[in-house]
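Asker: no sequence for this one, just the structure:
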């Protein structure tokens, strides 16, 4: 029986699949480790990063174990690249209703799956969604976009905002640095997400490896929706590429110069003090959202002049899901949830 959660389509009749998170049992594909989480914590939504979804809000960050990619530079390899069976003693077990109650007690406005690939834990996340929906807590995630078409629609059912990692723009890059042979499922699924929910895209840049593909990525995003926020990361390689050279900031930014005319919401960060984390009005270039850049996905909201999600100078509507939610404004918790 082949697993239909991701495009690897592992034959589970032969044993555990690539991610190690599903198995065949009595004619069904089931989770091996349901309701198991590697972390639960409150953070800024900008640190995920989501820049155009609920600015300033408090997010409950969760993750599980395992991944269907093997990125050579993975910064979360201690969870994503490990055999899930060997780290179960480090995991937390929370029923979905308890997880949502903890989010409420922490005053979180939303729940974001962030540490590893959500497609490896879809049934558990679907159960969390049921309780989050009742509590009026939206859910978001980071994904590599390599799910099947069916599971991509499942993700879109669960998550109202999705951040897709478009790591390069060639089969050669994905084969050499990610461990899969074909980028086409990722491109297909980005289009599915864009039609169904709020999407932001991230591309980690490895100098002299995929920086020459930035133009093609920008053209692809523009062809779907030029308003899609694009996060270009200065990749600080980990895992099998710890010795790789850090990308040159000025060199990358010079490549992005002309692309900012094509896509109004391009951000260049993952290093301290970036000047390219603020949102500018596409019409008059006024600063409509200001952020701190703390590096390594540590960004946070500073100022939000775009009251009503419009530019204060010219009235141009700014592409946002929701609006500013102060980190100090906790989500109201009912007595039943206390």
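Answerer: It's in. These figures come from a predicted structure and were not determined experimentally. Residues are numbered from 1 along each chain as shown.

Asker: I'd assumed residue 188 was in a helix, is it?
Answerer: Yes - under DSSP: H, G, I helix; E, B strand; the rest coil, residue 188 falls within a helix.

Asker: nearest spatial neighbour of it, skipping sequence neighbours?
Answerer: Counting by CB to CB, 6 or more residues apart in numbering, residue 188 lies nearest to residue 149, which is 7.0 Å off, once chain neighbours are set aside. Placement of C-beta: from N, CA and C, glycine included.

Asker: Same check on residue 9?
Answerer: The nearest residue in space to residue 9 (CB to CB, 6+ apart) is residue 2, at 4.9 Å.

Asker: what sits against the one you found?
Answerer: Going by CB atoms under 8 Å, 6 or more residues apart in numbering, residue 2 touches 9-12.

Asker: And the buried ones among those residues, selectable in PyMOL?
Answerer: A single PyMOL command selects the buried members of those (16 or more other CB atoms under 10 Å):
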select buried, resi 10+12
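
Asker: if we can go back for a sec, quick one, phi psi at the residue nearest to residue 9?
Answerer: Main-chain torsions, residue 2, degrees, to the nearest 10: phi -90, psi 140.

Asker: Any idea what it is bridged to?
Answerer: Counting by DSSP bridges, residue 2 forms beta bridges with residue 11.

Asker: any idea how far it is from residue 183?
Answerer: 21 Å (CB to CB, to the nearest Å).

Asker: Repeat that for residue 268.
Answerer: Going from residue 268 to residue 183 by CB to CB gives 22 Å.

Asker: what does residue 123 give?
Answerer: To residue 183, residue 123 is 27 Å away according to CB to CB.

Asker: repeat for residue 256
Answerer: 21 Å.

Asker: I'd like to know which helix or strand in the protein has the lowest mean pLDDT.
Answerer: Lowest mean confidence among the helices and strands of the chain (mean pLDDT, DSSP states H and E): helix 77-80, at a mean of 76.

Asker: who's in contact with it?
Answerer: Helix 77-80 is touched from outside by 38, 63, 65-67, 69, 74, 87, 115-117, 238-239, with contacts defined as CB under 8 Å, 6+ apart.

Asker: if you set the cut-off to 6 Å instead, what comes out?
Answerer: 38, 65, 67, 74, 115-116, 239 (CB atoms under 6 Å, 6 or more residues apart in numbering).

Asker: Give me the distance from it to the chain's centre.
Answerer: Distance, stretch centre to chain centre, for helix 77-80: 16 Å (CA atoms, centre = their mean, to the nearest Å).

Asker: How about that helix, which residues are buried there?
Answerer: 77, 79-80.

Asker: Quick check: phi and psi on residue 15?
Answerer: Backbone torsions of residue 15, given as degrees, to the nearest 10, read phi 130, psi -160.

Asker: What of residue 64?
Answerer: Backbone geometry at residue 64, expressed as degrees, to the nearest 10, gives phi -120, psi -120.

Asker: Likewise for the one 10 residues further on?
Answerer: Recorded main-chain torsions at residue 74 are phi -50, psi 130, according to degrees, to the nearest 10.

Asker: same thing with residue 207?
Answerer: Main-chain dihedrals, residue 207, degrees, to the nearest 10: phi -60, psi 130.

Asker: Quick check: closest non-adjacent residue to it.
Answerer: For residue 207, ignoring the flanking residues on the chain, the nearest one in space by CB to CB, 6+ apart is residue 247 at 4.0 Å.

Asker: Tell me how far that neighbour lies from residue 235.
Answerer: From residue 247 to residue 235 the distance is 6 Å (CB to CB).

Asker: Pull up the overlap in contacts between the two.
Answerer: Residues touching both residue 247 and residue 235 (CB under 6 Å, 6+ apart) are residue 205.

Asker: Tell me how far residue 6 lies from residue 143.
Answerer: Distance of residue 6 to residue 143, computed by CB to CB: 10 Å.

Asker: neighbour count winner among the two?
Answerer: Neighbour totals were compared for residue 6 and residue 143, and residue 6 leads with 27 against 23 (other CB atoms under 10 Å).

Asker: Below-threshold pLDDT in the stretch 51-200 of the chain: ranges please.
Answerer: For the stretch 51-200 of the chain, no stretch is flagged by pLDDT under 70.

Asker: So which residues of it form strands?
Answerer: Here the stretch 51-200 of the chain has its strands, by DSSP state E, counting those that start in this stretch, at 58-63, 92-93, 110-113, 139-143, 161-165, 198-205.

Asker: Partner strands of the fifth one and their direction?
Answerer: Going back to what we said before, that points to strand 161-165. Using DSSP bridges, the strands paired with strand 161-165 in its sheet are strand 139-143 (parallel), strand 198-205 (parallel).

Asker: List the beta-bridge partners for the most centrally placed residue in the chain.
Answerer: For the chain, the residue nearest the mean C-alpha position is residue 142 (2.1 Å; CA atoms, centre = their mean). Beta bridges link residue 142 to residue 163, judged by DSSP bridges.

Asker: Since that was my last question, I'll sign off now.
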